[in-house]
Every structure is written in C-alpha cells, then in structure tokens.
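In: I would like to see how this sequence folds:
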Amino acid sequence: MTKQPLPASTYPLANEETQQLSLQITQLEEQLAQEKKITKALLERVKISLTQQANASELFEHNSLLLYKFKEAKKKLIAQSKSSEKLVYLTRHDALTGLPNRIEFESKVKRAVTLARKSSNEYVLCFLDLDQFKVVNDTAGHMAGDEMLKQLSVILQNHIRKSDTLARLGGDEFGLLIENCDLSTAKGKVQDILELIDDFRFQWDNCVFRVSASVGMAIIDQHSRSYIDLLKQTDIACYAAKNSGRNRLHVYQEQDENLVEQSDQMLWVPKINEALEKDRFKLYAQAIMPTDTSDGCINFEVLIRLQDSENNIIPPGAFLPTAERYNLITKIDYWVIQNTFAWLQKNRKKIDPHCHFSINLSGQSLGDENVLYFITDLLGKNLIPTSMIHFEVTETMAISNLKSAKHFIQKVRALGCGVSLDDFGSGLSSFGYLKNLDVDTLKIDGIFVRDILDDPIDAAMVEAINTIGHVMGLKTVAEFVENEHIARKLIEIGVDYLQGYGIGKPLPIDDILLSKYSRLD
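Out: Prediction:
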C-alpha cells in the first residue's frame, strides 16, 4: 500500500525557517550589492588617484626635461655670445699686436670726420711707416720681425692717451688718430713717438736692430671730406717724409709743392692696372755691345714701355716709381718675364744661342719665392737654353735685401741662368758686399761713366771696379756710354761690354731682328 505524504501544515517550522533563510539571502545579496558598489566606487577613486599621480609624475618629468633643456640652451647662448664677441673682436683687431686693425681704424676715423663737421673740434690723422724694417725680416727672419712689431706696439700704445687710437694697418704700417687736438700739439706728440722709436733697440739671436719711422699727418676739421681722401693725404705726406730723409714727420697741405709729384704718382695706379689687364705693356731691348771685335755676340737688356689708350709710348720713368710705391711692380715683373720667354721661344731660330737677354727684377720680386717658382716653370716649358736668360738686380736693392738676393742668385744660377749686378759702385760698401754675391757680370754705374773724360776720380772708380771684377772672374759692362769718345776710353780701360745711347737706343724688341743687328741672324 502506497504511503501518502503529509500535508504542509504538518511542517510549520520548516516553512518559517525557509522564509527566514530566504530573507537572509535577500539581505545578504543586498549587502553584497552595496559592498560591490562601494568597492567599485573605491576602485574608481583609486584609479583616478593613480591616474592623477601618474599624470603628475609625467608632468614633473616633462618640466624637469624642459628645465634641463632651458639650462643647456642658456649655456649654449652664453657660449655663442662669448664666441660672437670674440669673433667681433678678432674682425676688428690685429691678430699679431692686438691693436685695432684697418677696419676698426676706418670706423673711428669716419666717426671723427662726422663729429668734426658738426663741431669746432679738431682731430689729427697720422700714417706711420717704419723705415728699413725689411732689414730685420731679411736678416733675422719673419719671426724676429713679428716680435719686433709686437714690442714696438706695446711701447707706442703705452705712450699715447687713452682717447687716441693706435692701429696696425698692415705690414710695418700704423695709423694714429689723435682726438680733440690742434695740429701744433699733435706734432709735438708725434715727434715724441719718433724719438721713442729711434731710441728703441730690438735684440734677437745676439743681434741688435734699430728702426726709425716716417710719419704723414693730416688735419681732420669741418672742411675734411672723406676717410679715403684723408688716408690719401697722410700717405702722400708720409712718402714725402721718407723722401726728405726718413725719421721725420710731414704735414699735408693743399698747396704743398713737394707733394704734388707724389699725388700725380697715385694717378698712375689705375693706368698701370689697366695696362696689365689689357696687355698694353710693350717689350723693348737695348744692345750691350762687346768691346772685343772677335766676340760676335751682342747681348741685350730687356726694357718695358707702356702704350696708353691714345697709342702714345710712355717711358718707364713715368710709371715704375708708382708701381714700386704701390706694390704693383711684381705684377709688371711677371709680365716682362712671361713675355720675354714667349718672344725668345717664338724667335729662337733667329737668335744666336750664345747671346743672352737680361731681365730687370725689382726688390719685391727678389724676395718673392713665387717668382722663382714661376721662372723655374717657364724654363721647363720652353725650349730656349737657360744660359740665354740673365737677371739684373741693382746693387742697392741686393744689399738692402742681402739674404733674399743671395738665395735668388743661388737658385737661378743653379738653373743655368746668369745674374748681373746693376748700378755697381753706387753703394757705400760695394766692394765689401761683392764677395757675398755670386754674380756673373758687373754693370758699372753710369754716374761714373758719363763724366769719365773730365773727372779723374770717376775714371779711377771705373778702372777700380773693372779690375776687381776681372780679378773675381766677372765680366764688366759700362752703362751710359753716350758717345764714341767715352767708348774709346772704356775700351782702353779694358771694360768688356758697352751700353748706352752712343751704342744703340732702346728699340721695340722685334726690331733687333733686323739687319742692324745682323749678327743675330
């Protein structure tokens, strides 16, 4: 028999327990839900806090990086500023002496010109050029010359007022701007400077050197025009001071007749440059005739002329002094050397290879190593015998550039070229220096030759030079042979060659190939 379940009413306790349990579960679920909300809210707050902290950390790191970059940029700017200041200083000051350079000096002079025009104040501009400074460079070397310039610069800088400006304009040239000073007072100051330089003794390798200076002065006042004009005036005045005996000052004046010639010389500068650019120089040649009739070889001295824009032929005396004064002479020497070599190469079959052509060299070229390289290069490129090339240097130039002269003579003789010592006898110590110069030929100075018939002292000088030349194994040439009577006297003395208008005038170089000089054929 199947057992029937009891009705629910028979389990009252169980029903109550179920309800209570259900209520507890509901409450627990509600509590858990509430805690979950709280936990979620707490988690959100923690997340926000962590995010804020992370952002703050990133911001700190970013700010730290910016600060570092700012500091580095500041250091860089300071370094650049110092570098710029140094660069500006270097562009306006001479690297050797530390004095203001030409750029800075020009700026100060221009300022003085402007101020002088606006007021009654006077300024004085001075151009100072050391005398015989090349002797130091040539004797002891450029390091010695540089050291001398530095020592002199310190002495002069300490002597002038703080308001005045001493500048090195280049080489052995200095500029001095004396501010708010009348000419008379300025002349006294400059004279003190001249005495200071003259008293200065420079020692180098057991040698003692002394130099002097020549100074050109010009007033800067309400009537002054420009810096260029003022510099030109002081340059002209300085040149006049040198011509007057050196170690002195000269003040530029508009009507100074002694300076007109120097001013005219400056007008030749553009003409010389134009002649070089447009190839307007012309080669001429003058015969150097042997006195021995058995010697059939006529030598020649190569000369130069300038053909102007109107085809006039200008003699060298008109433009060569300017070329030497304004450092254009080496360019002319290059032109003469190159064109002489080219002419000889072109006409080598028409010329007796035993004769030679003498090319004059300036003192500036004598001390220029590049000229030697140029000559060596041309000799290598041309087919003419090197013995056909002689170079002429004046005695005065050789003595004043003794070290350079000895070096040049040694080099060109090693190449096979000859060397003539021109104007021999004009120096004060000619014979003493002669043994130091390994030359081939002595050209007796024309000042002794032209009066040889009337002045027994001149005749004795010519005989002495000729005798010493022959004792040393040198050939002798007499210049300024103006007539047959002088020629006969020189032949009696025993001079080897004669040159002058009495022998033959300078001719365009192509003309020496004509019948008059048939021995060249």
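
In: any low-confidence regions in this structure?
Out: Along the chain, the model assigns pLDDT under 70 to residues 1-29, 32-33, 35-36, 38-90, 138, 255-265, 295-296, 426-433, 515-521.

In: what about the helices in the stretch 151-300 of the chain?
Out: In the stretch 151-300 of the chain, the segments counted as helices under DSSP state H, counting those that start in this stretch are 183-199, 227-243, 257-266, 268-277.

In: Helix 227-243 and the first one, what's the angle between them?
Out: When you say that, I think you mean helix 183-199. With axes from the mean of the first three to the mean of the last three Cα atoms, to 10 degrees as the basis, helix 183-199 and helix 227-243 are set at 50 degrees to each other.

In: one step back: mean neighbour count, the helices of the stretch 151-300 of the chain: which tops it?
Out: helix 227-243 (a mean of 20; mean count of other Cβ atoms under 10 Å). For glycine as for every other residue, the C-beta is placed from the backbone atoms N, C-alpha and C.

In: returning to what we had before: distance to residue 294 added to the helices of the stretch 151-300 of the chain, as JSON lines?
Out: Formatted as JSON lines, the helices of the stretch 151-300 of the chain follow (distance: least, Cβ to Cβ, whole Å):
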{"stretch": "helix 183-199", "distance to residue 294": "57"}
{"stretch": "helix 227-243", "distance to residue 294": "47"}
{"stretch": "helix 257-266", "distance to residue 294": "47"}
{"stretch": "helix 268-277", "distance to residue 294": "42"}
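
In: So what does residue 305 have for phi and psi?
Out: Main-chain dihedrals, residue 305, degrees, to the nearest 10: phi -130, psi 160.

In: What lies in contact with stretch 280-295?
Out: 274-275, 297-308, 313, 332, 335-336, 339-340, 343, 357-358, 477, 490-491, 495-499, 503-509, 512, 517 (Cβ atoms under 8 Å, 6 or more residues apart in numbering).

In: Next up, the contacts around residue 170.
Out: With Cβ under 8 Å, 6+ apart, residue 170 has these contacts: residue 102.

In: Residue 142: neighbour count?
Out: By other Cβ atoms under 10 Å, the residues close to residue 142 number 10.

In: That one and residue 149, how far apart?
Out: 10 Å (Cβ to Cβ, to the nearest Å).

In: what does residue 106 give?
Out: As for residue 106, its distance to residue 149 is 20 Å (criterion: Cβ to Cβ).

In: same deal with residue 352?
Out: According to Cβ to Cβ, residue 352 stands 51 Å off from residue 149.

In: Between those two, which is the more surrounded one?
Out: residue 149 (22 against 15).

In: wait, that one sits on residue 95?
Out: No - here residue 149 does not reach residue 95: they are 11.5 Å apart, not a contact under Cβ atoms under 8 Å.

In: Please identify which of the helices of the stretch 151-300 of the chain is closest to residue 423.
Out: helix 227-243 (19.1 Å; Cβ to Cβ).

In: CA atoms of the closest one as PDB?
Out: Extracted as PDB, the C-alpha positions of helix 227-243 are listed here (Å, rounded to 0.1, in the frame of the first residue of the first chain):
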ATOM      1  CA  TYR A 227      88.200 108.800 -45.000                       C
ATOM      2  CA  ILE A 228      89.700 107.900 -48.400                       C
ATOM      3  CA  ASP A 229      90.800 111.500 -49.000                       C
ATOM      4  CA  LEU A 230      92.400 111.800 -45.600                       C
ATOM      5  CA  LEU A 231      94.200 108.400 -45.900                       C
ATOM      6  CA  LYS A 232      95.500 109.500 -49.300                       C
ATOM      7  CA  GLN A 233      96.700 112.800 -47.800                       C
ATOM      8  CA  THR A 234      98.600 111.100 -45.000                       C
ATOM      9  CA  ASP A 235     100.000 108.500 -47.400                       C
ATOM     10  CA  ILE A 236     101.400 111.200 -49.700                       C
ATOM     11  CA  ALA A 237     102.800 113.200 -46.700                       C
ATOM     12  CA  CYS A 238     104.400 110.000 -45.300                       C
ATOM     13  CA  TYR A 239     106.100 109.400 -48.700                       C
ATOM     14  CA  ALA A 240     107.300 113.000 -48.700                       C
ATOM     15  CA  ALA A 241     108.800 112.400 -45.200                       C
ATOM     16  CA  LYS A 242     110.700 109.400 -46.500                       C
ATOM     17  CA  ASN A 243     112.000 111.300 -49.500                       C
END
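
In: residues in contact with it?
Out: In contact with helix 227-243 (Cβ under 8 Å, 6+ apart) are residues 106, 109-110, 113, 125-129, 131, 214-218, 220, 224, 248-252, 256, 258-259, 262-263, 266, 325.

In: quick one, what contacts the nearest residue to residue 362 once chain neighbours are set aside?
Out: Leaving aside its chain neighbours, residue 362 sits nearest to residue 329 (4.2 Å; criterion: Cβ to Cβ, 6 or more residues apart in numbering). For residue 329, the contacting residues are 320, 323, 362, 364-365, by Cβ under 8 Å, 6+ apart.

In: nearest to residue 172, of the residues you listed?
Out: Distance to residue 172 across these (Cβ to Cβ) is lowest for residue 364, with 14.1 Å.

In: Relative to residue 305, how far out is that closest one?
Out: Residue 364 sits 21 Å away from residue 305, going by Cβ to Cβ.

In: Let me see the contact set for residue 251.
Out: By Cβ under 8 Å, 6+ apart, the neighbours of residue 251 are 183, 187, 217-219, 237.

In: I'd like the residues you listed as CSV, with distance to residue 465 appended.
Out: Formatted as CSV, the entries for the contacts of residue 251 read as follows, by distance: Cβ to Cβ, whole Å:
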residue, distance to residue 465
183, 49
187, 45
217, 43
218, 45
219, 49
237, 39
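
In: of all those, which comes closest to residue 462?
Out: For those, the nearest to residue 462 is residue 237 (39.9 Å; Cβ to Cβ).

In: so what's the nearest residue to that closest one once chain neighbours are set aside up against?
Out: In this structure, residue 237 finds its nearest non-sequential neighbour in residue 216, 3.0 Å apart by Cβ to Cβ, 6+ apart. Residue 216 makes contact with 126-127, 233-241, 249-250, 252, according to Cβ under 8 Å, 6+ apart.

In: try 10 Å
Out: Counting by Cβ atoms under 10 Å, 6 or more residues apart in numbering, residue 216 touches 125-129, 190, 231-242, 249-252, 259, 262.

In: same question, residue 95
Out: 101, 168.

In: quick check, it in a strand?
Out: No - counting by DSSP: H, G, I helix; E, B strand; the rest coil, residue 95 is not part of a strand but coil.

In: Now the phi/psi pair for it, please.
Out: According to degrees, to the nearest 10, residue 95 has phi -70, psi -30.

In: Check the gap between it and residue 34 for me.
Out: Residue 95 is 88 Å from residue 34, where distance means Cβ to Cβ.

In: Also residue 324?
Out: Residue 324 is 114 Å from residue 34, where distance means Cβ to Cβ.

In: With residue 115 instead?
Out: Distance, residue 115 to residue 34, using Cβ to Cβ: 94 Å.

In: quick one, which of the two is more surrounded?
Out: residue 115 (14 against 10).

In: by contact count, what packs against the strand or helix carrying the more buried one?
Out: Residue 115 is part of helix 102-118 when elements are defined by DSSP states H and E. Under the contact criterion of 3 or more Cβ pairs under 10 Å, 6 or more residues apart in numbering; DSSP states H and E, helix 102-118 touches helix 12-92, strand 123-131, strand 165-170, strand 173-178, strand 212-220, helix 227-243.
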